[in-house]
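K.L.:
Have a look; sequence and predicted model below, questions after that.
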Amino acid sequence: MDRRSFLLGASVLPFLRALPAQAAGGDTVVIAIADTINSLDIQRAGTNRPAYQVSINAYDRLLSFGTKDLGNGVIVSDYQTLKGELAETWQVAEDGLSVVFKLKPDATFQDGAPVTADDVKWSYDRAVSIGGFATGQFGAGRLEKTEQFEVVDEKTIRIHFLRRSKLTLPDLATPIAIIYNAKLVKQHVSAADPWGAEFVHRNGCGSGAYKIERWDPGQQLVYVRNDSWKSGPLPKIRRVIIREVPSQATRRALIERSDIQLSFDITGRDADELAKTKKAKVVSAPIANTEIVLCPNLIFEPFRDKKVRQAVAFAIPYAQIFEQAAYKLGVPMWGAKSATPTTTAWPQPFPYDTDYDRAKSLLGQTAYKDGFEVPLSIDLSTADWSEPTALLVQEGLAKLGIKTTINRVPGANWRTLALAQKKLPLIIDAFGGWLDTPDYYFYWTYLKDKLFNASSWDSPELAGLVEKTLDMEQSNPEYAPSIKRMFEIAFDEVPRIPLWQPALDSAMVPALQGYQTWFHRVPDARPLAIA
Amino acid sequence: MAKPRAKLILIGHRLVQAVPTLIGIIIVTFLLTRALPGDPAVYFAGPTADAATIAQVRHQFGFDRSLPVQFWVYCKQLSTGDLGQSLSTGQSVAQELLARLPASLELTLTALLAAIGIAVPLGILAATRPDSWVDHLCRFVVTAGVSLPTFFTGLALIYVFYYQLGWSPAPMGRLDIQFISPPGITGFYVIDSLLAGDFETFRAAVGQLILPAATLALFTLAPIARMTRAAMLQTLAGEFVRTARAAGLSRGRVLMSYAFANALMPVVTTLGMVFSFMLGANVLVEKVFAWPGIGSFAIDALVASDYASVQGFVLTMAVLFVLLNLLVDIVYTLIDPRVGLAA
């Protein structure tokens, strides 16, 4: 598309600055995001989180998740229902060792070529071979080898299971499992680049609801509707402009003035104030399978003692943190009445509350009854909530004689020091699992040597329970007791002290309808509409 | 003026002298980036990273090779003009710098011109009337400009002129959403849109430029105005000025041809310093106005331990500094015939 035709298009549409949002005629939506989109290909090594939205809006998967209403008009993705996206039907074999997908007969890629089983096979082969995040996430769904993907006929593909796992099908609905136009990409492969990473990095190669019209790296991404999209109801919005606006304050001014229609992922403070002043519509929904936690690291001598960790967990001003750092957006994760879990719901509150006397008596039973000094580290990029949290934790711990100094660590240093090397004695961290089961969360965060186990904590019993439940169907009678036992250990040992389940907050003009909060935390433009 | 040839030789000489500096910078930035505690392989390994994925990503980026080998590869790439691949933005570093440097230069130059336009006359006036209201005004403007952090001034300007009054376009980068960037000739949107004869885009580009440039200009008024004032005070007290006055020359002539011409040297030095400082230091302005410049590029790269981007940025800035210093030196020789380039 050249400039002339774009301008022509823009002049045909009533798309002028003087007449913002309302006058865009329901045809264009401008979404502001904070961070840069660094690739159009989610499977490329180094692709960052904001770029995942391309695989939602410009690509399709075989499957997707359904949605549900939280009861207050807030729509979120529903892990428990799978929906066909490119797949019309799917059938798990009777022996439970494979699944057969029938593709939608009229589905086409954006260049008009039909979507075939060969494309699916090539795309899945790519995911398990290209390495990095794609191979890792496929591995989590027990998809590891190219031999698992078998083309039956042009529109039918069978996936053989290495072992039966409840995670396999949902994993195919995550943003990573996109279907590429194999014929198109194969024209751009080389010996050094067998999966066309360089081409897919810069070009949309999917069948998704939106085509990439323009990508100005560091500035904006412009989608235009793919009118022949078959994987769902045709989007109402014709053009979607994603603008990168790093400053929170600027994004807030833009949404208040209605020069943009959606400010995606805003701070709790902005969400709180915008909702109170009614200057914009705010939608806030808890992020599935995600917790903000305080992690005492066992490499630090005092934290090896369980009683010290419990004392810390009793010395945290939870309610104050939830109010002042989270602005009461999200779900409290403290104050459970019983140390024995009653449900398998996750995340769920831990049996700790602010109780300084109990904290002092617990600490009094250890070798550290007079307290100690420890640096409390936070990720600078999350400072809008982690900094106020840290200050309140500092205040609480001071009452036990535990002196903390707050240490702000920037981006790459954070992941290296806190997660890869696990050198930081006490950190505030957040982790979210895409596949929404507790065993999956525990697999990434409580097992020895896992990157996100920032506490370096290890328990053979818990590891055994995770191994046992990870592939097990949730309907299996052994599942619930095992999960509850897992929770019980986590409650008692508290290597991770949950503070709250965070929410994803966005502000939008009142006319914007259809906004949904998804587990992948990127904007899905497909259901949006302007009333 | 019989020496243009000699001058050219001297310029060539200065450029040759810059080579060892640049080599030193290449080595030092290479080592410094590797000394950053952050591991880019960990940072870019994605949300489900484990040790194997990290190792594999590290191998893909070439960071598993020994430092001398990495340095050798880097030098080989440099010799072909390849600055490497930016991890944080997914583009080649050369491409990023080519796209972003003009954005930063456009902003910085506009701000600098505006600052000169205000600060130099203000400084002169203040010097001619010490302790008058002009002098106090100068002092006030300068103190206010330098003591307000740029992000604050930027946000305040947005609040007043965009949010409250609605005079300024939405602070969303170099162009509003309905405009498409003009064909890239100079990379300066204001100039490119004029060259293309597209006055609407020109107006839009200027509109986007005003607030960020004003923010930066406010910040840079101080050193320029103060330096002009001080230099003018000194020259105005000089005997040659008294002589000129005694000889009955007009006030304007004394002020401009005698006093100001002689005060120019320190002012030009300050301008050179201010410019290079602004180019790197307007990160906050770029962030607030979503301006796609090199400052925010460099900061994001640093946070992500994005080696190639940091190296490319530092190298570009070093080359710019060398050229800028050369330019300042050449301007010296034009202002003051006593100054030789070799000095």
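P.N.:
On my side now, so go ahead. Since the structure is predicted, the reported quantities are computational estimates derived from the model, not experimental observations.
K.L.:
so what pLDDT did residue A:8 get?
P.N.:
Here the pLDDT value assigned to residue A:8 is 41.
K.L.:
Tell me the backbone dihedrals of residue A:143, please.
P.N.:
Per-residue torsions, residue A:143: phi -110, psi 110 (degrees, to the nearest 10).
K.L.:
Quick check: closest non-adjacent residue to it.
P.N.:
The spatial neighbour of residue A:143 that comes closest, neighbours along the chain excluded (C-beta to C-beta, 6 or more residues apart in numbering or on different chains), is residue A:128 at 6.0 Å. Glycine gets a C-beta too; all of them are placed from N, C-alpha and C.
K.L.:
by contact count, what packs against the helix or strand containing that neighbour?
P.N.:
Assessed by DSSP states H and E, residue A:128 sits inside helix A:117-129. In this structure, helix A:117-129 makes packing contacts with strand A:98-103, helix A:132-140, strand A:149-153, strand A:156-160, helix A:182-186, judged by 3 or more C-beta pairs under 8 Å, 6 or more residues apart in numbering or on different chains; DSSP states H and E.
K.L.:
Enumerate the positions of the second one that are buried.
P.N.:
Residues of helix A:132-140 classed as buried: A:132-140 (neighbour count, 16 or more other C-beta atoms under 10 Å in any protein chain shown).
K.L.:
Return the distance of it from the chain's centre.
P.N.:
With C-alpha atoms, centre = their mean, to the nearest Å as the basis, the distance from the averaged C-alpha position of helix A:132-140 to the chain average is 15 Å.
K.L.:
The residue nearest to residue A:143: neighbouring residues, count only.
P.N.:
By the criterion of other C-beta atoms under 10 Å in any protein chain shown, residue A:128 has 18 neighbours.
K.L.:
what's the answer for residue A:267, then?
P.N.:
Using other C-beta under 10 Å, residue A:267 is surrounded by 17 other residues.
K.L.:
ends of stretch A:370-385, how far apart?
P.N.:
Distance across stretch A:370-385, first residue to last, is 30 Å (C-alpha to C-alpha, to the nearest Å).
K.L.:
Give the full set of residues in contact with residue A:324.
P.N.:
A:388, A:392 (C-beta atoms under 8 Å, 6 or more residues apart in numbering or on different chains).
K.L.:
picking that back up, show me what the helix holding residue A:128 is in contact with.
P.N.:
The set of residues external to helix A:117-129 that reach it, using C-beta under 8 Å, 6+ apart, is A:43, A:62, A:86, A:101, A:103, A:109, A:134-135, A:137-139, A:143-146, A:148-157, A:159, A:176-183, A:185-186, A:195.
K.L.:
Of the buried residues of helix A:132-140, which are in range of chain B?
P.N.:
A:132-133, A:135-137, A:140 (C-beta under 8 Å from any C-beta of the partner chain).
K.L.:
out of the residues you listed, who's nearest residue B:19?
P.N.:
Taking C-beta to C-beta as the measure, residue A:132 is the one of these closest to residue B:19, at 39.5 Å.
K.L.:
and residue A:106, how many neighbours does it have?
P.N.:
For residue A:106, the number of neighbouring residues by other C-beta under 10 Å comes to 10.
K.L.:
Ok, residue B:184 next?
P.N.:
Using other C-beta under 10 Å, residue B:184 has 12 other residues around it.
K.L.:
how near is it to chain A?
P.N.:
11 Å (C-beta to the nearest C-beta, to the nearest Å).
K.L.:
separation between that residue and residue B:175?
P.N.:
With the distance defined as C-beta to C-beta, to the nearest Å, residue B:184 ends up 13 Å from residue B:175.
K.L.:
Now the closest residue to chain A within the stretch 51-200 of chain B. Its backbone dihedrals?
P.N.:
In the stretch 51-200 of chain B, the residue that lies nearest chain A is residue B:90 (3.7 Å; C-beta to the nearest C-beta). Per-residue torsions, residue B:90: phi 80, psi 0 (degrees, to the nearest 10).
K.L.:
Please name the residues that touch residue B:244.
P.N.:
Contact partners of residue B:244, counting by C-beta under 8 Å, 6+ apart, are B:253-254, B:258.
K.L.:
Restrict these to the buried ones and give me that as a PyMOL selection.
P.N.:
The PyMOL command for the buried members of these (criterion: 16+ other C-beta under 10 Å) is given here:
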select buried, chain B and resi 254+258
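K.L.:
Intersect the contacts of residue B:244 with the contacts of chain A.
P.N.:
Among these, no residue lies close to chain A (C-beta under 8 Å from any C-beta).
K.L.:
So which residues of the stretch 251-400 of chain A form strands?
P.N.:
A:262-263, A:281-286, A:290-296, A:331-332, A:373-379 (DSSP state E, counting those that start in this stretch).
K.L.:
Need the winner for burial among those.
P.N.:
Comparing these by mean neighbour count (mean count of other C-beta atoms under 10 Å in any protein chain shown), strand A:262-263 ranks first with a mean of 27.
K.L.:
wait, residue B:291 sits on residue B:212?
P.N.:
Yes: contact between residue B:291 and residue B:212 holds when scored by C-beta atoms under 8 Å: they sit 5.8 Å apart.
K.L.:
Relative to residue B:317, how far out is the residue minimising distance to the centre of chain B?
P.N.:
The structure's chain B has its C-alpha centroid closest to residue B:279; by C-alpha atoms, centre = their mean the separation is 2.1 Å. Spatial separation of residue B:279 from residue B:317 under the definition C-beta to C-beta is 7 Å.
K.L.:
Residue A:317 too?
P.N.:
Separation of residue A:317 from residue B:317 (C-beta to C-beta): 46 Å.
K.L.:
in the stretch 101-250 of chain A, what residue is nearest chain B?
P.N.:
Using C-beta to the nearest C-beta, the point where the stretch 101-250 of chain A gets nearest to chain B is residue A:133, with a distance of 2.8 Å.
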